[in-house]
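Chemist: Predicted model, plus sequence, below.
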2 protein chains.
Amino acid sequence: MTQETRLDAVKLDGSGPIYDQIRRAVRDLILNGTWPPGTSVPPEHALMEQLGASRMTVHRALVQLAREGLITRRRRSGTIVASPPASHAMLDILSIPAEVEKLGRRYDYTVLSRANGRPTAELSLRFGLKRGEKIIHLVALHRADGKPHVLEERVIHLATVPAAAQETFETTPPGDWLLGHSLWSQAEHAISAIPAEPDDAQLLDIKPGEACLLIERKTWNQDAPVTAVRLLYPGNRHRFIGRFGPYGEV
Amino acid sequence: MTQETRLDAVKLDGSGPIYDQIRRAVRDLILNGTWPPGTSVPPEHALMEQLGASRMTVHRALVQLAREGLITRRRRSGTIVASPPASHAMLDILSIPAEVEKLGRRYDYTVLSRANGRPTAELSLRFGLKRGEKIIHLVALHRADGKPHVLEERVIHLATVPAAAQETFETTPPGDWLLGHSLWSQAEHAISAIPAEPDDAQLLDIKPGEACLLIERKTWNQDAPVTAVRLLYPGNRHRFIGRFGPYGEV
DNA sequence: AGCCCCTAATTGCATAGGCAATTAGACAGG
DNA sequence: CCTGTCTAATTGCCTATGCAATTAGGGGCT
């Protein structure tokens, strides 16, 4: 069911146009988790009275948020906080099980190692970590129809996601677990091609030196690092596709 | 200077909300080239009178187009058609000279081959072409500080870009030439990693089989294919980076 | 229970009008 | 010529109001 919202949670900051103050106020409540997906947003009338703005001004803010995909609006039913779009191309690489199943293959995976503590020198170099940080370091192999699909090496920042300390990730892969147990507001992807190291090649069942696609992703929540992951895809078996027009995504 | 616009070029199609009819009408004039970048869009008052809509309705359409980046608006100066954003990450790979110079290197390039006619069987397979189509087929090597940077293999559809028939591409690389001599409304990118073929390896000055990043891009203008290109970047010397949030690009 | 209809809540869209902010261009004065 | 000032064009934003479209939920009937 849609949950209640506390109306007085919406607070304007007095800078810039009113419609934009409203937009940012609501957006922040969504992004910082105060209003999780499914929460119902107060109707325009309520916001209008509480904020002392006209309905058109409130409307303008909400319409814009709807166009940005953060909320869903329906006549009579009202406005609810949207779930991050599951069909978006990005989620395909956030959730490896989803990616594999979309290809019509059977998914499974194995955690190859799990270490809890502070990063080694090599790790902090590879992921750009500070030495003192408490982290979890994981290596996992994901398979499609029993064959190696992608090798995952991941770091989780315990300061940001303390709940991860109790998790073994034996049943849910870390990417999917994090989707349900953490928030993120920013991600950075880097794509490159590298030859497979001998160890990695053996795990992926390819020849050493064979071309692999490396996806490195770091995510943050409000400037606090959440996780960093290196996904190594074996060679030419994988492609990533995007469509857009000259002025932006279509 | 900003050019004139013919007011009567804006025609509504009567389907859907008025603000959206206006938005689409103006957008189409921009995308189909009737109003090229730099053209000044009629002021709200003029559109309002010509279309019989209120100013707020016209305003809403234009504000939306501005947010989509198709137009630029300034008080008193008016509204002009924007140039596709030169700083956008995408342009970095549309224009290889720009990409190289952004890295602070000296750019030059050589056309290795140029053929005019119908695709061979191999070509039509590689680029997904129909056999009868008239095309130009090009191979060019781009260099940064004199060293191989990327190998480009390109097909240009003469039916869509007839002017390309007279062009040798000796002074302007085909990607940049096309930016100035054609329109596109859609692009599709695919990224994958492949080992270098012996021929390609020699041109790129790397070892055969070394990991390369392959970017394949096809562009269309209103469903008509414009060009298709394969860009082969040598190994781990290159990465492509993108940033976004859970609800879309940030 | 099940079905139908009605009402009212809620968003969607448009209008009319007004004031604010910016600034191009005209104009005056040196 | 240059420089400052004024004016008016243009967009930005807000309010107030009304009607339309959708539909959840209630009430009544079978």
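Modeler: All right, it came through fine.

Chemist: now the closest residue to A:Leu94 other than its chain neighbours: how far from B:Ala163?
Modeler: In space, and not counting its chain neighbours, A:Leu94 is closest to A:Gly175: 6.0 Å by Cβ to Cβ, 6 or more residues apart in numbering or on different chains. Bear in mind the C-beta positions are built from the backbone N, C-alpha and C, glycine included. Distance, A:Gly175 to B:Ala163, by Cβ to Cβ, to the nearest Å: 48 Å.

Chemist: Between the two, tell me which one has more neighbours.
Modeler: A:Gly175 (23 against 12; other Cβ atoms under 10 Å in any protein chain shown).

Chemist: Relative to B:Leu94, how far out is the residue nearest the centre of chain A?
Modeler: In chain A, the residue lying closest to the centroid (Cα atoms, centre = their mean) is A:Trp184, at 5.6 Å. From A:Trp184 across to B:Leu94, the span is 30 Å (Cβ to Cβ).

Chemist: Next: A:Leu129.
Modeler: 35 Å.

Chemist: circling back to that earlier point, assumed the residue nearest to A:Leu94 was part of a helix.
Modeler: Yes: A:Gly175 forms part of a helix when assessed by DSSP: H, G, I helix; E, B strand; the rest coil.

Chemist: Quick check: it touching A:Glu152?
Modeler: Yes: using Cβ atoms under 8 Å as the test, A:Gly175 is close enough to A:Glu152 to be in contact (7.4 Å).

Chemist: okay, and the common contacts of the two?
Modeler: Common contacts of A:Gly175 and A:Glu152, defined by Cβ atoms under 8 Å, 6 or more residues apart in numbering or on different chains, comprise A:Ile96, A:Val229.

Chemist: interface residues of chain A facing DNA strand D?
Modeler: Within chain A, the residues that sit near DNA strand D (Cβ under 7 Å from any atom of the strand) are A:17-20, A:52-57, A:60, A:74-77.

Chemist: what do you get if the cut-off is 6 Å, keeping everything else the same?
Modeler: Chain A has residues A:Pro17, A:Ile18, A:Tyr19, A:Ala53, A:Ser54, A:Arg55, A:Met56, A:Thr57, A:Arg74, A:Arg75, A:Arg76, A:Ser77 near DNA strand D, with proximity defined as Cβ under 6 Å from any atom of the strand.

Chemist: can you list the weak-confidence ranges in chain A?
Modeler: Counting by pLDDT under 70, chain A shows low-confidence ranges at A:1-8, A:85-93, A:236, A:245-250.

Chemist: domains for it, by residue range?
Modeler: Per automatic domain parsing, the structural domains of chain A span A:7-81, A:89-244.

Chemist: could the ones you listed go into CSV alongside distance to B:Pro37?
Modeler: Output for these, formatted as CSV (distance: least, Cβ to Cβ, whole Å):
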stretch, distance to B:Pro37
domain A:7-81, 24
domain A:89-244, 18
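
Chemist: so how far is chain B from A:Leu158?
Modeler: 22 Å (Cβ to the nearest Cβ, to the nearest Å).

Chemist: should've said A:Leu141
Modeler: Remark: distance between A:Leu141 and chain B (Cβ to the nearest Cβ) = 18 Å.

Chemist: For that residue, give me its contacts.
Modeler: A:Leu141 makes contact with A:Tyr109, A:Thr110, A:Leu112, A:Pro148, A:Val150, A:Leu151, A:Glu152, A:Leu203, A:Leu204 under the criterion Cβ under 8 Å, 6+ apart.

Chemist: The fifth one: neighbouring residues, count only.
Modeler: Going back to what we said before, that points to A:Val150. 24.

Chemist: and it, what is it in contact with?
Modeler: A:Val150 is in contact with A:Ile96, A:Leu141, A:His142, A:Leu231, A:Leu232, A:Tyr233, A:Pro234, A:His238, counting by Cβ under 8 Å, 6+ apart.
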